[in-house]
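Participant: quick one, what's the 3D model for this:
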Amino acid sequence: MRSLFNVVMRIFSTLLSLLAGLLGLIWIGQGLHVGPAWIMKSFMTSHVEWAVAGVVVLALSLAHAYWTNTRRA
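Facilitator: Here you go, the predicted model:
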């Protein structure tokens, strides 16, 4: 039963990391004013601070996904 819990939580944690990574990519696109028109309708558009924040969120989410999938249960 415990191993099933570990598998489910590992999947959940990985999906959460990927969702945060997608958010970081959207922030990078908005900050650099690159991407489709539907994400360019925001107060974050063309503000480099949001691109930097997106890079930080993306890096942390990738590190979290790596850590989640390489650690021992």
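
Participant: tell me which element the residue most central in space within the chain is part of?
Facilitator: To find the centre residue of the chain, average its C-alpha atoms and take the closest one (CA atoms, centre = their mean): that gives residue 21, at 1.6 Å. Applying DSSP states H and E as the criterion places residue 21 in helix 2-32.

Participant: return the list of helices and strands in contact with the next helix or strand along the chain from that helix.
Facilitator: Under the assignment DSSP H and E, the closest C-terminal helix or strand after helix 2-32 is helix 48-70. Helix 48-70 makes packing contacts with helix 2-32 when contacts are defined by 3 or more CB pairs under 8 Å, 6 or more residues apart in numbering; DSSP states H and E. From N, CA and C alone the C-beta is placed, and that goes for glycine too.

Participant: what distance separates the helix it packs on from the centre of its chain?
Facilitator: Chain-centre distance of helix 2-32: 6 Å, with CA atoms, centre = their mean, to the nearest Å.

Participant: what do you get for stretch 24-42?
Facilitator: Using CA atoms, centre = their mean, the mean C-alpha position of stretch 24-42 is found 14 Å from that of the whole chain.

Participant: end-to-end on that stretch?
Facilitator: For stretch 24-42, the first-to-last residue distance is 15 Å (CA to CA, to the nearest Å).

Participant: what residues sit buried inside that stretch?
Facilitator: By neighbour count on 16 or more other CB atoms under 10 Å, the buried set for stretch 24-42 is 24-31, 39.

Participant: same question for stretch 57-73.
Facilitator: Going by 16+ other CB under 10 Å, stretch 57-73 has these buried residues: 57-58, 61, 64-65, 68.
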